[in-house]
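A.B. asks: Fold the following for me, if possible:
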Amino acid sequence: MAGTILSRLFGYVREKIIAYRFGNTPSTNAYLAAFSVPDLLYLLLAGGALSAALIPVLSRYVVGGETKRAWRVVNILANLLVALIAIGVGLIIIFAPVLVRLVAPGFLLRHDQQSFKECVLYTRVMASMVFFTALSALATGALQCFGHFTAPAAAWSVYNIGIIFGAVALAGALGILGLCVGVLIGAAGMVMVQIPAMRRFGFRGSRTMDLSDEGARAVISNFAPIAAGLIFTQLSLLWFPSFFGSFFPGGVMTLRYANRLIILPLGMFGIAISTAAFPALAQQAVRGESTEFKKTFNASMRAVVLLTVPCAVGLVVLREPLTRLLWQGGKFGDAAVRAAAFALAFYAPGLLALGVLQIVNRAFYSLKDVITPPVVGVGYVAVNAVLAFALMRTPLTYGGVALATSTGTILGSVVLLGLLRRKLGPMDLSGLAICFGKACLASAAMGWACWEVSRWLGQRFGVVLSPLSFKAPAVTAEAAALAGGLSAVAAQVFCCLAVSVVTYALALKLLRAPELDRAWQAIRGQSLLRKASP
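C.D. replies: Take a look at the predicted model:
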């Protein structure tokens, strides 16, 4: 979690520099649409599918003490990936115009030829990033099987630092192309930072590509359905903003910068907790420890509920001050802030469901069920798409895309959780429901206190809070001055956050939520997963 928090901080700096230097312009929207393709592959591989296919297989070898056999599988897969991706990168470069039509069709439909051409160029430049993304994911999965999480966590920060370098050092001479080069530098750094740790655990490179190897074949056979399952969450968060946002001027950047504030707590809590729990779930499944598997799953779910529910409420209440504090500045003006804050209000309700999906999907993969998540994923992404097409024609416009994403994701998480219960039998879902109820009550108290403090401070500092409406504000080049300045907004936000944390903790204490005591034990150095009761 600490590594993920550091990475998210660097990610914020990356996005802030892009917003400050380039603003919500057609060229920036073209870059973000092009970036969504490698970013999708990056999160799919490094954040999920390849590791999910690899960890259960390597765990079997690590548990059995067959270290050399585990590294042999890694070498086979690395060589295979290099060969296949070389072909894939060539196809991306050749068919980039077709790919852009799929990613951002609105550019051509709005007759924005310049954005379309720029998007094609940026897609071609960033295509080779996939080489490093895949190898980094392979290294990450292998190291996590050996109980090493530091280097994989650091890789995410290195990736963001590379893009920051491109924005600061290269963009002056190359413009947005400098950002694209920074993406490549950061992706290469992800691999380099993990190699020393791999060598300490016994890795030695070789040119073997023996596809008859049992372990390699198991990973290969599992990868496609696992990727199909995990890709749907990423499609909703990364592809939908480009696809549907391209129909509105400034829509791509508006949706992306709104869901950046969703991905922040999702990465800190949902992805971090599921990443830490996944090797344990996989090894418990290998050993047939059903009771321990359920304990680990339930403890992980409760941790996600406890942390994401208040985040969702806080994002809705503080949507405008947070967006203004984080993004406003330079060429990213007041109108862009209000548009992103509007979209954020409709993304926030889906935060818990996104966190639940991270854990439930990995529970299925640990049980070697790689079919159920993608089948359900097809369903909820279809719901997302249908709702998005319908709601974007209402006054919500781009906000309807965010609301559709939340609705479909909630539906998918509920269905998958129900199917997992049928597969595992009794899982103490009643205890999880009680935890959820207490988290909601405590978050409601927190939200009320946060709103009152925010409103009071806003009046004192001259920071006007826009009421939540169902009509999307237009995205223009307006950059109106903010009364009181960003220092007033910072004071407002940090005071509200302090009040929120205290209020939420006190409310949980009054509700006698045992998870609060477990969290305190975890802070004191004890494992949350080991100390949690079933």
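A.B. asks: Which single helix of this protein contains the most residues?
C.D. replies: What stands out as the longest helix in the chain, according to DSSP state H, is helix 429-461.
A.B. asks: From the contact counts, what lies against that one?
C.D. replies: Packing contacts for helix 429-461, counted by 3 or more Cβ pairs under 8 Å, 6 or more residues apart in numbering; DSSP states H and E, involve helix 290-317, helix 485-510. Glycine gets a C-beta too; all of them are placed from N, C-alpha and C.
A.B. asks: Looking at these, which one is packed in the most?
C.D. replies: Counting by mean count of other Cβ atoms under 10 Å, helix 290-317 has the highest mean neighbour count of the helices and strands packed on helix 429-461, with a mean of 23.
A.B. asks: what distance separates the start and the end of stretch 236-249?
C.D. replies: 20 Å (Cα to Cα, to the nearest Å).
A.B. asks: which parts of the longest helix of the chain are buried?
C.D. replies: Going by neighbour count (16 or more other Cβ atoms under 10 Å), the buried part of helix 429-461 is 432, 435-436, 438-443, 445-447, 449-451, 453-454, 457-458, 461.
A.B. asks: That one to helix 290-317, inter-axis angle?
C.D. replies: Counting by axes from the mean of the first three to the mean of the last three Cα atoms, to 10 degrees, helix 429-461 points 20 degrees away from the direction of helix 290-317.
A.B. asks: Now stretch 8-26 - C-alpha only, PDB.
C.D. replies: C-alpha atoms of stretch 8-26 as PDB (Å, rounded to 0.1, in the frame of the first residue of the first chain):
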ATOM      1  CA  ARG A   8      -0.200   7.600  -7.000                       C
ATOM      2  CA  LEU A   9       1.600  10.700  -5.700                       C
ATOM      3  CA  PHE A  10       4.000  10.600  -8.600                       C
ATOM      4  CA  GLY A  11       1.000   9.900 -10.800                       C
ATOM      5  CA  TYR A  12      -0.700  13.100  -9.500                       C
ATOM      6  CA  VAL A  13       2.400  15.100 -10.200                       C
ATOM      7  CA  ARG A  14       2.400  13.700 -13.800                       C
ATOM      8  CA  GLU A  15      -1.200  14.600 -14.400                       C
ATOM      9  CA  LYS A  16      -0.800  18.000 -12.800                       C
ATOM     10  CA  ILE A  17       2.100  18.900 -15.000                       C
ATOM     11  CA  ILE A  18       0.200  17.800 -18.100                       C
ATOM     12  CA  ALA A  19      -2.800  19.900 -17.100                       C
ATOM     13  CA  TYR A  20      -0.700  22.900 -16.200                       C
ATOM     14  CA  ARG A  21       1.400  23.000 -19.300                       C
ATOM     15  CA  PHE A  22      -1.000  21.900 -21.900                       C
ATOM     16  CA  GLY A  23      -4.600  22.500 -20.600                       C
ATOM     17  CA  ASN A  24      -7.800  20.900 -21.900                       C
ATOM     18  CA  THR A  25      -7.000  21.500 -25.600                       C
ATOM     19  CA  PRO A  26      -7.600  19.300 -28.700                       C
END
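A.B. asks: Tell me the buried residues in that stretch?
C.D. replies: Neighbour-count burial for stretch 8-26 [16+ other Cβ under 10 Å]: 8, 10-19, 21-26.
A.B. asks: burial count for the closest residue in space to residue 183 that isn't next to it in sequence?
C.D. replies: Leaving aside its chain neighbours, residue 183 sits nearest to residue 126 (5.2 Å; criterion: Cβ to Cβ, 6 or more residues apart in numbering). Residue 126 has 24 neighbouring residues, counting by other Cβ atoms under 10 Å.
A.B. asks: Format the helices and strands packed on helix 429-461 as JSON lines; extra columns: mean pLDDT.
C.D. replies: Output for the helices and strands packed on helix 429-461, formatted as JSON lines (pLDDT from 0 to 100):
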{"stretch": "helix 290-317", "mean pLDDT": "90"}
{"stretch": "helix 485-510", "mean pLDDT": "88"}
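A.B. asks: any chance you could map the helices in the stretch 101-250 of the chain?
C.D. replies: For the stretch 101-250 of the chain, the helices defined by DSSP state H, counting those that start in this stretch occupy 106-109, 113-126, 129-145, 150-165, 171-174, 176-192, 195-200, 214-234, 240-245.
A.B. asks: Out of these, flag the one nearest residue 30.
C.D. replies: Proximity to residue 30, assessed across the helices of the stretch 101-250 of the chain by Cβ to Cβ, is greatest for helix 113-126 (3.9 Å).
A.B. asks: if we can go back for a sec, wait, the residue nearest to residue 183 sits on residue 35?
C.D. replies: Yes. Between residue 126 and residue 35 there is a contact under Cβ atoms under 8 Å: 6.8 Å.
A.B. asks: any idea how this structure splits into domains?
C.D. replies: Here the domain parsing of the chain from automatic domain parsing is 25-227, 250-534.
A.B. asks: Dump those into CSV; add distance to residue 242 as well.
C.D. replies: What follows is these, written out as CSV (distance: least, Cβ to Cβ, whole Å):
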stretch, distance to residue 242
domain 25-227, 4
domain 250-534, 5
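A.B. asks: so which of those domains comes closest to residue 4?
C.D. replies: That would be domain 250-534 among the domains of the chain, by Cβ to Cβ, at 4.4 Å.
A.B. asks: Tell me how far the closest one lies from the chain's centre.
C.D. replies: 11 Å (Cα atoms, centre = their mean, to the nearest Å).
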